[in-house]
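Engineer: A predicted structure for the sequence below; I have some questions about it.
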Amino acid sequence: MIMNKQKLKVDVNLAVQIGSLKLKNPVMTASGTFGYGEEYADYVDLNKLGAIVVKGLSLKPRLGNPPPRIMETAGGMLNAVGLQNIGVEEFINEKLPYLKNFDVAVIANIYGETYTEYSKVAKKLSSVKGIHALEVNVSCPNVKKGGLSFGSDPKATAEVTRRVKAETNLPVIVKLTPNVTDIAAIAAAVEKAGADAVSLINTLTGMSVDLKTRTPHLKNITGGLSGPAIKPVALRMVWQVVQRVSIPVIGIGGIMTAEDALEFLIVGAKAVQIGTANFINPRATLDVIEGMQNYLIENKINDINEIIGTFQS
Amino acid sequence: MIMNKQKLKVDVNLAVQIGSLKLKNPVMTASGTFGYGEEYADYVDLNKLGAIVVKGLSLKPRLGNPPPRIMETAGGMLNAVGLQNIGVEEFINEKLPYLKNFDVAVIANIYGETYTEYSKVAKKLSSVKGIHALEVNVSCPNVKKGGLSFGSDPKATAEVTRRVKAETNLPVIVKLTPNVTDIAAIAAAVEKAGADAVSLINTLTGMSVDLKTRTPHLKNITGGLSGPAIKPVALRMVWQVVQRVSIPVIGIGGIMTAEDALEFLIVGAKAVQIGTANFINPRATLDVIEGMQNYLIENKINDINEIIGTFQS
Amino acid sequence: MAKDIYIGEIVSNEEIQKEFFLMKVKLGNAFDDPLPGQFVMIRIAGLTDPFLSRPISIYSFSRSKKFCTIELLYRVVGKGTRILAGLIKSSQVEINGPLGGSFEIDESKKQIIFIAGGIGIAPLSLLAEQLYRNDCLSKQEISFYLGAQTADAIVGLDKIQKLCYNIQICTDDGTLGRKGFVTDAFQKDIKKYSAADTMIYTCGPKPMVRKLGKILHGSKFHCQASLEERMACGTGACMGCAVTIKDNKGNLTHKRVCADGPVFDIRQIVWE
Amino acid sequence: MAKDIYIGEIVSNEEIQKEFFLMKVKLGNAFDDPLPGQFVMIRIAGLTDPFLSRPISIYSFSRSKKFCTIELLYRVVGKGTRILAGLIKSSQVEINGPLGGSFEIDESKKQIIFIAGGIGIAPLSLLAEQLYRNDCLSKQEISFYLGAQTADAIVGLDKIQKLCYNIQICTDDGTLGRKGFVTDAFQKDIKKYSAADTMIYTCGPKPMVRKLGKILHGSKFHCQASLEERMACGTGACMGCAVTIKDNKGNLTHKRVCADGPVFDIRQIVWE
Ligand SMILES: Cc1cc2nc3c(=O)[nH]c(=O)nc-3n(C[C@H](O)[C@H](O)[C@H](O)COP(=O)(O)OP(=O)(O)OC[C@H]3O[C@@H](n4cnc5c(N)ncnc54)[C@H](O)[C@@H]3O)c2cc1C
Ligand SMILES: Cc1cc2nc3c(=O)[nH]c(=O)nc-3n(C[C@H](O)[C@H](O)[C@H](O)COP(=O)(O)OP(=O)(O)OC[C@H]3O[C@@H](n4cnc5c(N)ncnc54)[C@H](O)[C@@H]3O)c2cc1C
Ligand SMILES: Cc1cc2nc3c(=O)[nH]c(=O)nc-3n(C[C@H](O)[C@H](O)[C@H](O)COP(=O)(O)O)c2cc1C
Ligand SMILES: Cc1cc2nc3c(=O)[nH]c(=O)nc-3n(C[C@H](O)[C@H](O)[C@H](O)COP(=O)(O)O)c2cc1C
Ligand code: FES
Ligand code: FES
């Protein structure tokens, strides 16, 4: 069995704070790439994770887009899953109980096609135990209605934020889309609207063509680009947003290794999410956590917070 | 010597028309990646190219950004050259004469920090023989002033287009930045302002961090991401723009092979530009041209124009 | 039934037929006994291009005291398989598995029919082997319909010949066995079989499975089909490998080939 | 002097010292005779990760009737060189070269001084060899100052011992030769040399070259330094490998290490 390096005794602190949410380490799973947790339980001790962000939840179950839904690209992949999910009710009844068995923060990623849908999903999830925060997806580029239109407009994004905040006492993380001219402006609007944190980036919209048939590789034509290919764009946007807002920023995009994750922390992200890397290496999350520990030990730093935002520009 | 496949007798037509500009094939070099042509003359018979787009020219010589200027990324690279160039005068006197020795279309990529600079550069280049078109860079993301601000605003981009058109009789290609929310809207504005064609995409803004020093890998901090990593985004944007405008669209972004180039043609690009691929394979342009010929022969198509825009969405 | 990732060492990787390779991979003994129909996600250790792992069925499996060995029978169709084919002895591959569900074995069925197209023989061979070993069946009762475009694309024959009595080979161009589609060959024989006592297992290209679905439509034959879709995670997390299924209540849903499949009741598969 | 791309076959690739490798590559005979100081861009045929080619100096060169052979002496410092180090005999590499300008040989200078830091010895060795072969100089007149952090990082000694009479070795930790920086060792000896009759050639880590620049500042010594910068094209097209140079008129410009260099007059180099 690989990547099962011997556990080293460490007294370095990896715990970070996202608003009122305390995490044992800054490594979360990215929504849609880790299912509802149990899909990776054979590979990963879920108790070791900073947080599990579950697949995006909508008010009603969603069938999602027709197949084919994914395609490989250079250093990444395209997906057009179309937010297929079991709906918030079934999540609460079927999936949440399993997650409650673990000592790990559970973050529900929510999605709506109208302001009211966002409110309702937020309300439902806030009425149950076992959920530690909400991540609001205003940016899924795969669904023509909703997602994109909200996330690319500062006003709409702010309004979604207000609606969700009005329904919950849980920390609210707004997840931003990179398919915009000025992501920092949107982050600022979201902060003003009361968000407790922002996470970025969601996928960059892309496409690819099957030469044999001259048809798109994805039935949905366009899909979301993720993986190491987008890391430089994600890191740039996180850095821009960190300079603009004072709420915690969660870095996402192409993180494969602890080194990648540390780049995000150094430019100012308080935590990171691991997405596509889970597909390439099911133990990516644990490897990143272990790599962070080793980095701190080698550099004689005893608290991860000491390196956050230490970028020398 | 490699990639020197035996030349096969072909009677397939590769010639395409970009407005009034006739090209012997749809394969151009991307500005800034092929120098002024002579840098690649040892590897490539320049007569075989569809067109040579030279390094971006400004009114006065530019020192460019301090080093380090480039960094490798997953499936691509970051650059922050900062438009170092010899200036339009020296180009006309020192570089253009050399290019005139070849039977190839020469396209001058121009850049300004003010509307007047754009006008002046356009005027100077239009007064000399040997230049077949102007490509207006409104999108270089590396220079804080100019570039980005023009290209991310439809009005400013349109104004630059009008200024340049007013000074020249050469076909004017406006090169768009991908760092925007709605690239099709900008393309539409540019078309309305009289552009003869649009080319896209320029680089996506990104960055990367040196963990040892916690400093940026690029002195300029941010740089432009290019290479196969960005191809899906480029292809998506080209497809969106093709649907929106009726002027010719030139596809750019991550093209490494003939297959990549054909994807752009199929979604509707009339021609393509090869950029970063030249660094990986100095003969990339010729390999793409040859690959296109082979594709046409294998598929019994005798004119490249027959596959342009044949995307079945 | 735990899945995990292992570093496998290539024992051999031979081109047994033009474009068809048989890869023997040595794995740690912790690797679970695979069930017929299960697959692995394979990638080259340390290589990030190709980016995604490739799903390949487990063609055969054996366990010794110290380690176990899986065989993968694969066809070179693109970038990833071409690179796999280039791997030499003792190269390392990352193996994630065993993944997915398996074919169901119904002891009550006296007659087993396999219908395979080209490389579709891979998962069916492991099943045939197991049925034979379990000797819940005698050789006589296993019929194998094997089809491909041409003789060169018929693989794995040697192995199934040991296991099956009645083997029907079809090629579209008639270069081997009967000329025509394997599904047509089966359709010609269909009256020979009684739906009640028969279980059909199939794997092959979409058009073939689809055709078979049409043939069986409305009949009482029970048929388990192993499907293929592009995969990212292989473990049920990404929802990338969806196939459209009509459930018993008649509702359309998207199932995951990797986790809910790869084996589905052919009647439930919805073709666009 | 035409550059071109070639498929090279690895004849050998040995770890001659911890983390230091010597790679022998067989190339087509069309490969031009390299001048001392020139380099190649090397990548693994068909591999796209690492994405950019790596610039490596030509350490030695020989030509037979049928082919020619280049030797590359390199240190594993990161991803690309680690992968290069993993290549086995008869693997294929893509070689683009010979690239860049070369050291200038000034016959009028009677005394030659080499100052190398670690792997910086690579391009200087080829030059020493050539000077020796041209016998425009006798062994006595070549002094070689070779420095590194520690004994393990001193490479290529065997070869230069054949070529140079006076070899000064320095290590920061004193594990071999004098303790201290090679630049200090040279500074101690500087009075022994007459600026008018001496040519200094140097290559090594930035801090070393910079230090040497300071030492020589204001003196009449002529010194040619080979510099390193990250490269994309290696052929002068991308402007990526810029170094800041003060030209004779005192204006600051950015020169390309790959095309205008890699060798520059140390007096012209502007350090931030
Ligand atoms: C459960 C399962 C079991 C399989 N078992 C076998 C087997 O035993 N032997 C065998 O030869 N093949 C098998 N396949 C098909 C095999 O996965 C593909 O042939 C292979 O992924 C092609 O990769 P490529 O890079 O060569 O082709 P490319 O076309 O370059 O691949 C591009 C992308 O599409 C995916 N892809 C392409 N074709 C298929 C396909 N038919 N099914 C799924 N994904 C595909 C690739 O994985 C990759 O992500 C199986 C597929 C699945 C889903
Ligand atoms: C003209 C020239 C000649 C050289 N000759 C030799 C030689 O003979 N032997 C030798 O061991 N090394 C030599 N180098 C340095 C060698 O190019 C780097 O050590 C190598 O590129 C590091 O690659 P990496 O992937 O292992 O390191 P990484 O740090 O992973 O590389 C990341 C990126 O930075 C670049 N890079 C990192 N360090 C350097 C450096 N010092 N110079 C230029 N680019 C760098 C890489 O090429 C790559 O693009 C030379 C450099 C130049 C410019
Ligand atoms: C298959 C897949 C499904 C995804 N589903 C969601 C989702 O439901 N909600 C969401 O906010 N983001 C979703 N994402 C985006 C990821 O959470 C993440 O923001 C993005 O992939 C970039 O990170 P990465 O490069 O590490 O994957 C999905 C990504 C992938 C690849
Ligand atoms: C080193 C470098 C320099 C560039 N300089 C210019 C430039 O001067 N003007 C311009 O319009 N685009 C410039 N570009 C952008 C390219 O022309 C092209 O639009 C971009 O690299 C995407 O294509 P590619 O992925 O094929 O490289 C430059 C790109 C690179 C990598
Ligand atoms: S491949 Fe991810 S769910 Fe099946
Ligand atoms: S590496 Fe491109 S100009 Fe030097």
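Structural biologist: Ah, there it is. Ligands and ions are numbered 1, 2, ... in the order given.

Engineer: ok, how many other residues are close to the closest residue to ligand 2 within the stretch 151-272 of chain C?
Structural biologist: Here the stretch 151-272 of chain C gets closest to ligand 2 at one residue, C:Ala232, 27.3 Å apart by Cβ to the nearest ligand atom. C-betas here are computed from N, CA, C, even on glycine. Residues within reach of C:Ala232, counting by other Cβ atoms under 10 Å in any protein chain shown, total 29.

Engineer: Distance check, it against chain A.
Structural biologist: Between C:Ala232 and chain A the computed distance is 4 Å (Cβ to the nearest Cβ, to the nearest Å).

Engineer: Check the spacing between that residue and ligand 4 real quick.
Structural biologist: Here C:Ala232 is placed at a distance of 24 Å from ligand 4 (Cβ to the nearest ligand atom, to the nearest Å).

Engineer: What's the separation between that residue and A:Gly227?
Structural biologist: According to Cβ to Cβ, to the nearest Å, C:Ala232 stands 10 Å off from A:Gly227.

Engineer: Give me the common contacts of those two.
Structural biologist: By Cβ atoms under 8 Å, 6 or more residues apart in numbering or on different chains, C:Ala232 and A:Gly227 have these common neighbours: A:Met77, A:Thr276.

Engineer: What residues does the stretch 151-272 of chain C have near ligand 5?
Structural biologist: Residues of the stretch 151-272 of chain C that fall close to ligand 5, judged by Cβ under 6 Å from any ligand atom: C:231-234, C:236-241, C:256, C:258-259.

Engineer: Output these in a markdown table; the columns should cover secondary structure, distance to D:Glu71 and pLDDT.
Structural biologist: Formatted as a markdown table, those follow (DSSP: H, G, I helix; E, B strand; the rest coil; distance: Cβ to Cβ, whole Å; pLDDT from 0 to 100):
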| residue | secondary structure | distance to D:Glu71 | pLDDT |
| --- | --- | --- | --- |
| C:Met231 | coil | 45 | 98 |
| C:Ala232 | coil | 44 | 98 |
| C:Cys233 | coil | 46 | 97 |
| C:Gly234 | coil | 45 | 97 |
| C:Gly236 | coil | 52 | 96 |
| C:Ala237 | coil | 49 | 96 |
| C:Cys238 | coil | 48 | 96 |
| C:Met239 | coil | 53 | 96 |
| C:Gly240 | coil | 48 | 97 |
| C:Cys241 | coil | 50 | 97 |
| C:Arg256 | strand | 54 | 97 |
| C:Cys258 | coil | 49 | 97 |
| C:Ala259 | coil | 53 | 96 |
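
Engineer: Those: which ones sit near ligand 3?
Structural biologist: Applying Cβ under 6 Å from any ligand atom to these, those adjacent to ligand 3 are C:Cys238, C:Gly240.

Engineer: What is the nearest of the residues of the stretch 151-272 of chain C next to ligand 5 to A:Ile110?
Structural biologist: Using Cβ to Cβ, C:Met239 is the member of those that lies nearest A:Ile110, at 16.8 Å.

Engineer: now that closest one, nearest residue through space, not along the chain?
Structural biologist: Nearest residue to C:Met239 in three dimensions, chain neighbours excluded: A:Val81, at 4.5 Å (Cβ to Cβ, 6 or more residues apart in numbering or on different chains).

Engineer: As a check, name the ranges of all helices in the chain.
Structural biologist: I went with chain A, as the question did not name one. A:87-90, A:96-99, A:115-126, A:147-151, A:154-167, A:183-192, A:231-244, A:258-266, A:277-280, A:284-298 (DSSP state H).

Engineer: wait, I meant chain C there
Structural biologist: C:79-85, C:121-133, C:157-163, C:182-189, C:206-216.

Engineer: Check whether the first one comes near ligand 1.
Structural biologist: Yes - in terms of Cβ under 6 Å from any ligand atom, part of helix C:79-85 sits within range of ligand 1, namely C:Lys79, C:Gly80, C:Thr81.

Engineer: what about that helix and chain D, touching?
Structural biologist: No - using Cβ under 8 Å from any Cβ of the partner chain, helix C:79-85 stays clear of chain D, with a minimum separation of 8.8 Å.

Engineer: So which residues on chain A come close to ligand 2?
Structural biologist: Going by Cβ under 6 Å from any ligand atom, none of the residues of chain A are near ligand 2.

Engineer: Any stretches of the stretch 151-272 of chain C with poor pLDDT?
Structural biologist: Along the stretch 151-272 of chain C, no part satisfies pLDDT under 70.

Engineer: Quick check: residues of it near chain A?
Structural biologist: Contacts of the stretch 151-272 of chain C with chain A, taken as Cβ under 8 Å from any Cβ, map to C:229-244, C:252-254, C:259, C:272.

Engineer: if I read this right, A:Ile280 contacts C:Pro50, doesn't it?
Structural biologist: No - using Cβ atoms under 8 Å as the test, A:Ile280 is too far from C:Pro50 to be in contact (10.5 Å).

Engineer: count of residues packed around the residue in the stretch 101-250 of chain A that ligand 5 sits nearest to?
Structural biologist: Ligand 5 sits closest to A:Ser226 of the stretch 101-250 of chain A, with a gap of 13.1 Å, by Cβ to the nearest ligand atom. Neighbour count for A:Ser226, taken as other Cβ under 10 Å: 30.

Engineer: Can you name the residue of chain A nearest ligand 1?
Structural biologist: A:Glu72 (4.2 Å).

Engineer: Flag every buried residue along stretch A:108-117.
Structural biologist: Neighbour counts over stretch A:108-117 (16 or more other Cβ atoms under 10 Å in any protein chain shown) mark A:Ala108, A:Asn109, A:Ile110, A:Tyr111, A:Gly112, A:Glu113, A:Glu117 as buried.

Engineer: what's the straight distance from one end of that stretch to the other?
Structural biologist: Terminal residues of stretch A:108-117 lie 15 Å apart, using Cα to Cα, to the nearest Å.

Engineer: same thing with stretch A:134-151?
Structural biologist: Start-to-end span of stretch A:134-151 (Cα to Cα) is 16 Å.

Engineer: Likewise for stretch A:296-310?
Structural biologist: 14 Å.

Engineer: Any part of it near chain B?
Structural biologist: Yes - contact between stretch A:296-310 and chain B, assessed by Cβ under 8 Å from any Cβ, occurs at A:Ile307, A:Thr310.
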